[in-house]
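Trainee: Any chance you could fold what I've pasted below:
(one chain, ligands or ions: 1)
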Amino acid sequence: MTEPYLSQPIDETAAAKLREAGLRLSLVDTSDTAAYDAWLSADARGFHAKQPSAAALAQERELLAHRRLTAVHDDAIPASAGIVGTVSSWAAPLTVPGPRPLDAWLISSVTVSPTHRRRGIASALLPGQLRVAKDLGLAVAALTVSESTIYGRWGFGPSTFASSWSIAPRRAGWIGPKTTGRLSFTTPDEFRETSRELLVRQNEARAGEIRLTDYLAERQIAPLEGTTDAERYRLVRYDGPDGDPQGFITYVITGGESDFTDHTLDIVALVSTTPEANAALWRYVIEMDLVGKVRANTRGVDEPLPWLVKDLRQAQITGVQDHLWTRILDVPAALEARRYESSGSIVLDVEDSLGFTGGRFRLDVAADGSAQVRATEDAADVSMPISSLGSLYLGASAAPGLAASGRISGDVETVDRLFRTAVAPRLSSWF
Ligand SMILES: CC(C)(COP(=O)(O)OP(=O)(O)OC[C@H]1O[C@@H](n2cnc3c(N)ncnc32)[C@H](O)[C@@H]1OP(=O)(O)O)[C@@H](O)C(=O)NCCC(=O)NCCS
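Mentor: Below is the predicted model:
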């Protein structure tokens, strides 16, 4: 693997900060199986996951080989517990509004051992990750979060929202369109290549989605080693009337012990590249026999399901929560990389307490939706911290709420009109 980010040196500022605390920052040598496994085990422990089996470790070593793995060591404690902090990161295309995705710095596996929390380890690691991304010339960093209280302090803002669903399929009843394609069971081995292509197509068509790497794509179609109910995974593909693959669903059915007509169907992934495929796959689960409940999550906030069933109240959104968090590292490069659905000009005053990209910028959007951004001394129309710009970046309707909470001030209407997109951004996976 020759990705430039794999050989980028560790961030010396973070290393020095950790050294002062008696800790050591390193990049994991992934050719050293023992070191790789120790890092993977520390990551699992940090998220309260079970200790990965030998088979799970082998699979993760293979599927995560593209990532840059960073470790924090406490050399004063036994080596078996010595990794007390983890982060993984890699560069991958993030779909932004417009025709071209933007390479973003994706950050995952942020853990600090419970024995070493609240002593500033994450505070050293996160800005260090951002400096590495900046040095690599990337304009945006992004992550999904376990808790929404953690990352705002480093300039991330929530930029996509995800919905979770609970559906009573029999009572909901299908009234959506008749679909003319074909559904069929398949297997991960048979369908892996096609599913990867479908994921790329789906994700390139929607701002907020990312290009899934092997590990993340595999999780959409098959249980990874050690997954609960792995033997219950089912995979069904949808091909259009011409036989062209358009989507698939991965799901697990459990329960039914006390009432065999009342199983629960959990959707692992519902992937579609056309509205027909989306409807056909929803219909498939809504009309599933012996199922009393269907659950889904990481759907968009504009999922059409309520319009596809007779009784809207039987397709309940059980929650909507922040999902992707975006951190802009280079305002001109990021804002010029996306398209806009409305033309105009605005001067943004952006405050970045970490000093990556603050300043005053004029954004000029032409009639074709392309933008030019340059530094300016002109008076600002609108002011905001960098986290708010991160929230606006992918097109979410965040400006009114941010203004209401004092996190954008000035000409909110224009900034909202320029940044918001008709289709809300979405990220349909975790990373
Ligand atoms: C989140 C986590 C990585 C923070 O690591 P840490 O080294 O303890 O964090 P720090 O000591 O550097 O604290 C940084 C700041 O974040 C705050 N903070 C830390 N963990 C927090 C949490 N879980 N929720 C809210 N605030 C948190 C600290 O109070 C501190 O605030 P300050 O800047 O106002 O002083 C660690 O608690 C952890 O591993 N949690 C479990 C795994 C997890 O959820 N990881 C995040 C995945 S997205």
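Trainee: Please see if stretch 31-50 touches the ligand.
Mentor: Yes. Among the residues of stretch 31-50, 46, 47 lie within reach of the ligand under CB under 6 Å from any ligand atom. C-beta here means a position set from N, CA and C on the backbone, and glycine is covered the same way.
Trainee: Other residues contacting that stretch?
Mentor: Here stretch 31-50 makes contact (CB atoms under 8 Å, 6 or more residues apart in numbering) with 28-30, 51-52, 57, 60-61, 64, 69, 71, 80, 82-86, 88, 109, 111-114, 146, 226.
Trainee: check those against the ligand, which are close?
Mentor: Near the ligand, by the rule CB under 6 Å from any ligand atom, you find 111, 112, 146 out of those.
Trainee: Quick check: residues of the stretch 51-200 of the chain near the ligand?
Mentor: Counting by CB under 6 Å from any ligand atom, the stretch 51-200 of the chain sits next to the ligand at 110-112, 117-123, 145-147, 149-150, 153.
Trainee: what's the neighbour count on the residue in the stretch 301-431 of the chain that the ligand sits nearest to?
Mentor: Residue of the stretch 301-431 of the chain nearest the ligand, by CB to the nearest ligand atom: residue 325 (8.8 Å). Counted with other CB atoms under 10 Å, the neighbours of residue 325 add up to 26.
Trainee: Over to residue 320?
Mentor: Per other CB under 10 Å, the neighbour tally for residue 320 reads 12.
Trainee: now residue 260
Mentor: Per other CB under 10 Å, the neighbour tally for residue 260 reads 9.
Trainee: now swap in residue 118 and tell me
Mentor: Residue 118 has 9 nearby residues by other CB under 10 Å.
Trainee: ok, now how distant is it from residue 146?
Mentor: According to CB to CB, to the nearest Å, residue 118 stands 16 Å off from residue 146.
Trainee: do residue 397 as well
Mentor: In this view, residue 397 and residue 146 are 25 Å apart by CB to CB.
Trainee: Neighbour count for these two, which is higher?
Mentor: residue 397 (16 against 12).
Trainee: mind listing what that one touches?
Mentor: Per CB under 8 Å, 6+ apart, neighbours of residue 397: 416, 420, 424.
Trainee: mind checking how far the last one is from residue 394?
Mentor: Read it as residue 424. Look at residue 424 and residue 394: by CB to CB, they are 9 Å apart.
Trainee: check contacts around the nearest residue to residue 103 once chain neighbours are set aside.
Mentor: Distances taken as CB to CB, 6 or more residues apart in numbering put residue 91 closest to residue 103, at 5.2 Å, once the chain neighbours are dropped. By CB under 8 Å, 6+ apart, the contact set of residue 91 is 3, 5, 103, 104, 105, 106, 133, 136, 138.
Trainee: Report the beta-bridge partner residues of residue 91.
Mentor: On the basis of DSSP bridges, residue 91 is bridged to residue 105.
Trainee: ok, back up a step: so of the contacts of residue 397, which ones are in helices?
Mentor: Using DSSP state H, the subset of those located in helices is residue 416.
Trainee: Using TSV, lay out the contacts of residue 397 together with pLDDT.
Mentor: Below are these laid out as TSV (pLDDT from 0 to 100):
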residue	pLDDT
416	98
420	98
424	98
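Trainee: between the contacts of residue 397, which is closest to residue 182?
Mentor: Nearest to residue 182 among the contacts of residue 397 is residue 424, at 30.6 Å by CB to CB.
Trainee: Using the three-state scheme, assign residue 326.
Mentor: Put simply, residue 326 is strand when judged by DSSP: H, G, I helix; E, B strand; the rest coil.
Trainee: mind showing which ranges of this protein have poor pLDDT?
Mentor: 1 (pLDDT under 70).
Trainee: Helices of the stretch 51-200 of the chain, residue ranges please.
Mentor: Under the criterion DSSP state H, counting those that start in this stretch, the stretch 51-200 of the chain contains helices at 54-63, 121-135, 169-172, 188-204.
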